[in-house]
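Peer 1: predicted structure and sequence below. I'll ask about it afterward.
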Amino acid sequence: MRKIYLVTYDIRDPKRLRYVFKTMRNWGDHLQYSVFECQLNSTDLLRLKAELKEIINAAHDQVLFVDLGPVAGRGERVIEAIGQPYVAVASPCLIV
């Protein structure tokens, strides 16, 4: 069963940050600077976590996985914003 995860990260080193961002682009939709929405099954989740563990420094960095529940039956994504409006990104963003 596929679930939707909100994956957010705080990476202290710019080089590791770029690697995490590039990795996350392969797994989900970029919503905000360090926030991705991913549709993952249990195997995908384990693979993503393993990839990220190879990149981050566990003593200094943090990656959070928020389980938003099953993909099936959720309907369309609804994102509400306060302040700057949410704009879906059609092309990949690069952090330099």
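Peer 2: Alright, I've got the coordinates. Numbering: from 1, shown residues only.
Peer 1: all helices of this protein, in order?
Peer 2: For the chain, the helices defined by DSSP state H cover 14-25, 42-55.
Peer 1: residues in contact with the closest residue to N41 other than its chain neighbours?
Peer 2: Using CB to CB, 6 or more residues apart in numbering and skipping the chain neighbours, the partner closest in space to N41 is R2 (5.1 Å). Quick note: C-beta positions are derived from backbone N, CA and C, even for glycine. The contact partners of R2, by CB atoms under 8 Å, 6 or more residues apart in numbering, come to 39-41, 70-72.
Peer 1: phi, psi for R2 please.
Peer 2: Note on R2: its backbone torsions stand at phi -90, psi 140 [degrees, to the nearest 10].
Peer 1: quick one on the thing from earlier: so which of the contacts of R2 belong to strands?
Peer 2: Among those, the members falling in strands (DSSP state E) are 39-40, 70.
Peer 1: so which residue is dead centre in this structure?
Peer 2: Nearest residue to the geometric centre of the chain (CA atoms, centre = their mean): F36, 2.8 Å.
Peer 1: show me the shaky parts of this structure.
Peer 2: The chain contains residues with pLDDT under 70 at 75, 81-83, 86, 88-96.
Peer 1: so what's G28 closest to, chain neighbours aside?
Peer 2: Closest to G28 by CB to CB, 6+ apart is C38, at 3.2 Å.
Peer 1: again, but for K49
Peer 2: F65 is the one closest to K49 (CB to CB, 6+ apart), at 7.7 Å.
Peer 1: on that earlier part again, buried deepest among the helices of the chain, which one?
Peer 2: Mean neighbour count (mean count of other CB atoms under 10 Å) peaks for helix 14-25 among those, with a mean of 16.
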